[in-house]
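Participant: Provide a 3D model corresponding to the input given below.
(2 chains)
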Amino acid sequence: MSEFGLVALLVGALGLIAIGIAGLVLARNLFRLVLALAVAEAGANLLLVLAGFRQGASAPIIEGGSTLHQVAMVDPIPQAMVLTAIVIGVGVQALALALAVRAREAYGSLDMDQLRARMEADIIAAAGTAPTTSQEAPSGARPLPPPLPSPARIAAEEPSS
Amino acid sequence: MIALTVALPLLAAFLLPLLPALARQFLGPLVLLAVAAFGLCLAGNALDAPSVVAIGDFRPPLGIVFYADGVAGLFVFAIAVVTLLLWPCATPNGQPDPQITRKHSLTLLMAAASCALALSGDLFNIYVFYELAAVAGYGLAAGSRTPAAQVATFRFTLLGSLGSLLALIGITLIYFRAGSLNLAHLAELAPSTLHDPLGLAGFLLILLGFGVKSELFLVNSWAPEVYATAESRVSALLAGLISKLALLAVVRLLVLVFPVPEASQLLLVLGMLGILTGELAAYRARDFRRLLAWSSIGQLGAAFVAFAIPGPAGLMAGIAVALHHLMVKPALFLLAERWGGNLAQLAGAARNSPIAAALFVLFALSLIGVPPLPGFWAKYLLLSGLAGEPAGLWWLAGLVVLTTTVVEAVYLFRIIGTLYGHQQGSVMQSRTATTGSGIFALLLVGTALSAPLLAAPLQKMATQLADTDGYVAQVISATITAPQRSGTAP
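Facilitator: Below you'll find the model as predicted:
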């Protein structure tokens, strides 16, 4: 592979990671979030393989035991690690999708913002606390100043004094 | 014996669903008891000389090693004991749980992965076992089966996977620069290859990645959601145990491979922010579980600050803070099984369950750091370690720790005041939760009484953990000269 190809692959790997992380931050649909994770993991795996790449080397497979020490090979350790990482990634993505299905069954939505709001509401309802407040939406009773005496009451009180 | 601490729970986890019902009840606790015994032996032996096992007789740096020093042995023991105390049993309402075997399997998986995290001396192996513990944690967190728990666990899974991804990229960077994954080998190579911006970026990525589980600032947003929706025992396991093991993995990397000021200052700043955000949010919390979650973030921030202090003093403080938190936080989460929810409903709860209330007072006093209790010694070690460093960020961290202690005292005493209020209480504490946290309380008091005796072994453990040259020599030489020892690997 040429120098240019290597650089292109490196840029591609970093680009995939960037796209994936951007997706994780920006997406709201649960399925898209899992897809973004898959894209980012693909990028990381590609980066891992590239870390063990050597210019002009062959695949690290020994045939008959005779080619050892004769042909330059790429580093086999990152390739073994990538296999592990892929398997772990697939398992976690399947788990995340199963959780997304359950969340959709419970709340009828796949939108992260809606789900999060419903979850917060559920937690608050289960705990029995007042909703968390913000400056825009203060909650609870405010200590109001005592009501001003109305003119009628002043008129009624005056003759008695 | 070292490898058995990982292999036994792992095997039991997969055998459990296949066994007859009676054996299912006892296999898990028996295995954990065995692991606890192994851990105690390991810690005892390792105080004299750490032992090393090369898995499958493949010698490092290519092979994978398990390295058992005093800290690792102690953590293996702690994992087994805490998991045993938090063993999933009936639901809080007292009904039998149909999913109980799955939960037992997942808990055993988590224990096995945690032991391996404490022992492993290989970066990629640490990553794999971290993932194993994480996945078991996702399964357990979703185990309460409420809709809110599913959403919270989904968010936890996403953040956790993002963390693993960052850690994997970090490991790639380190491998790319140094060409090895063995921690001892990396320690030798680090000064020439890794102490540059690219190597430090790798450390930062791994720190952020493993920081997800150890509730590091920036990546801890899952904690209040998961701890509020998961079962209390699961929250106790995640907050008490898994966070410490992820922390230990980061500390090994910091001590062996990145003993540079930039790395420890990174830990210091992130830890300080963790203390501030955690304790201030806990002050505002109105829900017992969330309060515990936020205060746990604060406590782990203190552990990060302690481990940031270079040298054995910092490591000793870090171990003390971590062990103290390991004893106190699971006990408090056990109490939250019934007391979870609005703090206002705890009014007068001390009349209904005086023992549980007294236990809460004990744990609260230890968290604040009242002198005879272990919390005091942990904070004392932390503050004296910080004071021993040159002024600047270190003293600022000391100031942060002292100030947040006041905040801690305010919110904990507020709960104590509610507990012993005049009203007639409405909630009763369950007997199992009281017994469980009572055992933790006995451990705590025992630690307090034997504090002078414990100081010397703790000091030795910290020195051992800080001894990079010893680690390298042990791993490289022991596996070459003593094949009969490495033969015990499965």
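Participant: give me the neighbour count for B:L359.
Facilitator: By the measure other CB atoms under 10 Å in any protein chain shown, the count of residues near B:L359 is 24. Backbone N, C-alpha and C define where each C-beta goes, glycine included.
Participant: sticking with it, tell me its helix or strand.
Facilitator: Taking DSSP states H and E as the definition, B:L359 sits inside helix B:354-368.
Participant: which residues touch whatever residue of chain A ends up closest to chain B?
Facilitator: Here the residue of chain A nearest chain B is A:A106; by CB to the nearest CB that distance is 3.2 Å. Contact analysis of A:A106 by CB atoms under 8 Å, 6 or more residues apart in numbering or on different chains lists B:147, B:150-151.
Participant: what is the nearest of those residues to chain A?
Facilitator: Using CB to the nearest CB, B:P147 is the member of the contacts of A:A106 that lies nearest chain A, at 3.2 Å.
Participant: the closest residue to the closest one other than its chain neighbours: which element?
Facilitator: Distances taken as CB to CB, 6 or more residues apart in numbering or on different chains place A:A106 nearest to B:P147, at 3.2 Å, with adjacent residues excluded. According to DSSP H and E, A:A106 maps onto helix A:76-107.
Participant: cool, and B:E408?
Facilitator: helix B:393-419.
Participant: now whatever helix or strand comes next after that helix: how far from the chain's centre is it?
Facilitator: Beyond helix B:393-419 in the direction of the C-terminus, DSSP H and E gives the next helix or strand as helix B:431-449. What separates the centre of helix B:431-449 from the centre of its chain is 18 Å, taken as CA atoms, centre = their mean, to the nearest Å.
Participant: elements contacting the helix or strand just after helix B:431-449?
Facilitator: Remark: after helix B:431-449, the chain's next helix or strand is helix B:451-466, criterion DSSP H and E. Contacting helix B:451-466 under the criterion 3 or more CB pairs under 8 Å, 6 or more residues apart in numbering or on different chains; DSSP states H and E are the following elements: helix B:21-48, helix B:70-85, helix B:243-256, helix B:312-339.
Participant: without its sequence neighbours, what residue ends up closest to B:Q99?
Facilitator: B:G143 (6.5 Å).
Participant: my bad, B:G63
Facilitator: Using CB to CB, 6+ apart and skipping residues adjacent in sequence, the residue nearest B:G63 is B:A54, 4.9 Å away.
Participant: list the beta-bridge partners for the one you found.
Facilitator: Assessed by DSSP bridges, B:A54 has beta-bridge partners B:V65.
Participant: and it, what's its pLDDT?
Facilitator: At B:A54, the model reports a pLDDT of 82.
Participant: repeat for A:A130
Facilitator: Note on A:A130: pLDDT of 67.
Participant: and what of B:C115?
Facilitator: The predicted structure scores B:C115 at 91 on the pLDDT scale.
Participant: that one reaches B:L4, doesn't it?
Facilitator: No - under the criterion of CB atoms under 8 Å, B:C115 makes no contact with B:L4, lying 9.7 Å away.
Participant: these two: which is more packed in?
Facilitator: Of the pair B:C115 and B:L4, B:C115 is the one with more neighbours under other CB under 10 Å, namely 33 against 17.
Participant: the helix or strand harbouring the more buried one packs against which elements?
Facilitator: Assigned by DSSP H and E, B:C115 belongs to helix B:100-119. Using 3+ CB pairs under 8 Å, 6+ apart as the contact criterion, the neighbours of helix B:100-119 among helices and strands are helix B:4-15, helix B:21-48, strand B:65-68, helix B:70-85, helix B:123-141, helix B:243-256.
Participant: turn those into JSON lines, including distance to B:K379 and mean pLDDT.
Facilitator: Supplementary listing: the helices and strands packed on helix B:100-119 in JSON lines, determined by distance: least, CB to CB, whole Å; pLDDT from 0 to 100:
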{"stretch": "helix B:4-15", "distance to B:K379": "31", "mean pLDDT": "88"}
{"stretch": "helix B:21-48", "distance to B:K379": "24", "mean pLDDT": "85"}
{"stretch": "strand B:65-68", "distance to B:K379": "29", "mean pLDDT": "86"}
{"stretch": "helix B:70-85", "distance to B:K379": "20", "mean pLDDT": "89"}
{"stretch": "helix B:123-141", "distance to B:K379": "28", "mean pLDDT": "91"}
{"stretch": "helix B:243-256", "distance to B:K379": "17", "mean pLDDT": "90"}
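Participant: follow-up on the earlier one: buried residues in the helix holding B:L359?
Facilitator: Judged by neighbour count (16 or more other CB atoms under 10 Å in any protein chain shown), helix B:354-368 contains these buried residues: B:356-357, B:359-368.
Participant: can you give me the angle that helix makes with helix B:312-339?
Facilitator: Angular relation of helix B:354-368 and helix B:312-339 on a 0 to 180 degree scale: 150 degrees, by axes from the mean of the first three to the mean of the last three CA atoms, to 10 degrees.
Participant: check what contacts helix B:354-368 and list those residues.
Facilitator: With contact meaning CB under 8 Å, 6+ apart, helix B:354-368 is reached by B:295, B:299, B:324, B:328, B:331-332, B:335, B:339, B:349-350, B:373-376, B:405, B:408-409, B:412-413, B:415-416, B:419-420, B:429, B:433-434, B:437-438, B:440-441, B:444-445.
Participant: can you go through those and name the buried ones?
Facilitator: A residue is treated as buried here by neighbour count (16+ other CB under 10 Å); on that basis the buried members of these are B:295, B:299, B:324, B:328, B:331-332, B:335, B:339, B:349-350, B:373-376, B:405, B:408-409, B:412, B:415-416, B:419-420, B:429, B:433-434, B:437-438, B:440-441, B:444.
Participant: name the nearest residue to B:N45, ignoring sequence neighbours.
Facilitator: Nearest residue to B:N45, sequence neighbours excluded (CB to CB, 6+ apart): B:S51, at 6.5 Å.
Participant: where are the low-confidence patches of chain A?
Facilitator: Low-confidence segments of chain A, defined by pLDDT under 70, are located at A:1, A:64-70, A:130-161.
Participant: can you tell me the centre-most residue of it?
Facilitator: Most central residue of chain A, judged by C-alpha distance to the mean C-alpha position with CA atoms, centre = their mean, is A:L24 at 4.6 Å.
Participant: assign that residue to helix, strand or coil.
Facilitator: Assigned with DSSP: H, G, I helix; E, B strand; the rest coil, A:L24 falls in the helix class.
Participant: contact residues of the stretch 201-350 of chain B facing chain A?
Facilitator: When proximity is defined as CB under 8 Å from any CB of the partner chain, the stretch 201-350 of chain B approaches chain A at B:225, B:228-229, B:286-290, B:340-345.
Participant: mind putting those residues in a markdown table, pLDDT and distance to B:W395 included?
Facilitator: Rendered in a markdown table, the data for those read as follows (pLDDT from 0 to 100; distance: CB to CB, whole Å):
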| residue | pLDDT | distance to B:W395 |
| --- | --- | --- |
| B:E225 | 87 | 35 |
| B:A228 | 86 | 36 |
| B:T229 | 87 | 39 |
| B:R286 | 84 | 34 |
| B:D287 | 85 | 35 |
| B:F288 | 87 | 34 |
| B:R289 | 87 | 34 |
| B:R290 | 88 | 31 |
| B:G340 | 75 | 38 |
| B:G341 | 76 | 40 |
| B:N342 | 80 | 39 |
| B:L343 | 80 | 34 |
| B:A344 | 79 | 39 |
| B:Q345 | 80 | 42 |
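Participant: returning to that earlier point: so what's the residue count around the residue nearest to B:Q99?
Facilitator: There are 22 residues near B:G143, going by other CB under 10 Å.
Participant: and it, how far from B:A230?
Facilitator: Distance of B:G143 to B:A230, computed by CB to CB, to the nearest Å: 7 Å.
Participant: got the buried residues of helix B:354-368 as TSV, with pLDDT columns?
Facilitator: TSV is the format used below for those (pLDDT from 0 to 100):
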residue	pLDDT
B:A356	85
B:A357	87
B:L359	89
B:F360	89
B:V361	91
B:L362	91
B:F363	91
B:A364	91
B:L365	91
B:S366	91
B:L367	90
B:I368	90
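Participant: just to revisit the earlier point, by contact count, what packs against the helix holding B:E408?
Facilitator: helix B:261-284, helix B:288-308, helix B:349-352, helix B:354-368, helix B:374-387.
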